[in-house]
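S.K.: One predicted model, sequence on top.
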Amino acid sequence: MNKKLWSGLTTTALTTALGTSVLLCGSFNGSVASEMKDKADDLGKLLGVTTTANTESSEQLTALAPKVVSLGQVDLPQEKQDPEKGNIQGAFLGNTGENLLVEPEKPLSAIATLHPHQWKYRLAITLRVREIPVLTFVGSQADLAQLRNNQNNPDAPQKDSEVMKKAKALAQRLNELAQDDTFEAQTITVSEIQKNKTYGIKIDGKELVRVDGQTILPDTTNNLAADALQVTNRLRRLMGGASPLTAINQVPDGLAGVEGRVTSTRKGMASWYGPGFHGRRTANGERYNQNGLTAAHKTLPFGTQVKVTNLNNGRSITVRINDRGPYAHGRIIDLSKGAAQILGLVSSGVAPVQIEILGR
């Protein structure tokens, strides 16, 4: 008993001597890595249909944790209620916590918060909604230095980096939507932006945020399409309990609009191809990107949109035909690696699918 007590006191003294940086690092690792692990069941419910193996995401997050140092939480503009008029107005909180407007009797709580941290010597800002990590904005070394300068000189004029402005704008928008009685979470959708191979998350057709190389899922799958779908489903669930989407470019039930008129439906086996062809010319002349959402078909015109559903697990994705194949007997479509990852057939190599021809 005495030995255990002495060990505890020694650990406490050593922790104090090492200073706040160790405490910050430990705090962040626990708050993100362990949180994602402890809430695995909850996240499964949030996502509905996962787009990648949970074990892979957890391992990736754990691998990042030792390189991360928390930098505290960012103060956001709070929605405040005017005690006299009863209406809602915005008020900034300074670094000291001093209100710039009259303190209301009952401030409205924010569901979206920002948590900046150091990652690989760069600034990263993780957006949480109801304490669940949803999106991480990745900045630069200069952004990290600027934030630290702001924290070390709270009385000096504060200037946010572009990545911080972007993160704050999204958090503020989500907090506004949380107070909007007319907002419906089912209006949150995601679509591929063909021009630069990124993915736009939208509300009522208006872009909310774009998932790209610098804006990713906190427990990234290293596949932008999979990241975008998971971010979208977390927002749909956390912002209003909407059911998850199972595909990029999917129009949720009950919303106006047409995903594409189905001209025909077929069933057969799907396969995928990637590493050996990445960067080569496809049959339509473009460079093959194994991480894109494309596919090869023997006869369909190039540019045709095809919805592919894995009959083993119900996952679906809409792909664009840009190549010819497959030529193996019994196979009706050859998918890019990115599409195969979302459908969950990378490890098996092939799977029974249903394809719906949506036109061009």
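M.R.: Nice, thanks for sending it over. This is a predicted model, so every value here is computed, not measured.

S.K.: contacts and neighbour counts: CA atoms only from here.
M.R.: Will do.

S.K.: Residue 301 reaches residue 324, doesn't it?
M.R.: No. If you go by CA atoms under 8 Å, residue 301 and residue 324 don't touch, sitting 9.7 Å apart.

S.K.: So for those two, which residue has more residues nearby?
M.R.: residue 324 (19 against 16; other CA atoms under 10 Å).

S.K.: contacting residues around the more buried one?
M.R.: For residue 324, the contact set (CA atoms under 8 Å, 6 or more residues apart in numbering) comprises 282, 283, 296, 297, 298, 299.

S.K.: Which one of the residues you listed is nearest to residue 112?
M.R.: residue 296 (41.3 Å; CA to CA).

S.K.: Quick check, pLDDT for that closest one.
M.R.: With respect to pLDDT, residue 296 has a value of 95.

S.K.: Can you get me a residue count around it?
M.R.: 25.

S.K.: mind checking how far it is from residue 306?
M.R.: From residue 296 across to residue 306, the span is 11 Å (CA to CA, to the nearest Å).

S.K.: Name the residues contacting each of those two.
M.R.: residue 321.

S.K.: In stretch 231-244, which residues are buried?
M.R.: Of the residues in stretch 231-244, 231, 232, 233, 234, 235, 236, 237, 238, 239, 242, 243, 244 count as buried by neighbour count, 16 or more other CA atoms under 10 Å.

S.K.: Equivalent analysis for stretch 172-191, please.
M.R.: Applying a neighbour-count criterion of 16+ other CA under 10 Å, one finds 172, 174-176, 178, 184-191 buried in stretch 172-191.

S.K.: what ranges do the strands span in the stretch 151-300 of the chain?
M.R.: Here the stretch 151-300 of the chain has its strands, by DSSP state E, counting those that start in this stretch, at 188-193, 198-203, 206-211, 215-216, 264-273, 294-296.

S.K.: Give me the sheet partners of the longest one and which way each runs.
M.R.: Pairing partners of strand 264-273, with direction, according to DSSP bridges: strand 331-336 (parallel), strand 350-359 (antiparallel).

S.K.: now swap in the last one and tell me
M.R.: The pairing partners recorded for strand 294-296 under DSSP bridges are strand 316-323 (parallel), strand 331-336 (antiparallel).

S.K.: How about residues contacting that strand?
M.R.: By CA under 8 Å, 6+ apart, the residues outside strand 294-296 that reach it are 319-326, 333-336, 339.

S.K.: For the stretch 201-350 of the chain, which segments count as helices?
M.R.: 224-240, 337-343 (DSSP state H, counting those that start in this stretch).

S.K.: Any idea which of these gets closest to residue 201?
M.R.: For residue 201, the closest of the helices of the stretch 201-350 of the chain is helix 224-240, at 6.6 Å, according to CA to CA.

S.K.: which helices and strands does the closest one pack with?
M.R.: Applying 3 or more CA pairs under 8 Å, 6 or more residues apart in numbering; DSSP states H and E, one finds that helix 224-240 makes contact with helix 40-47, strand 132-138, strand 188-193, strand 198-203, strand 206-211, strand 215-216, helix 337-343.

S.K.: so which of the ones you listed is the most packed in?
M.R.: Of these, the one with the most neighbours on average (mean count of other CA atoms under 10 Å) is helix 337-343, at a mean of 27.

S.K.: follow-up on the earlier one: JSON lines please, covering the strands paired with strand 264-273 and showing distance to residue 343, mean neighbour count and mean pLDDT.
M.R.: Shown next, in JSON lines, are the strands paired with strand 264-273 (distance: least, CA to CA, whole Å; neighbours: other CA atoms under 10 Å; pLDDT from 0 to 100):
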{"stretch": "strand 331-336", "distance to residue 343": "10", "mean neighbour count": "25", "mean pLDDT": "95"}
{"stretch": "strand 350-359", "distance to residue 343": "9", "mean neighbour count": "20", "mean pLDDT": "90"}
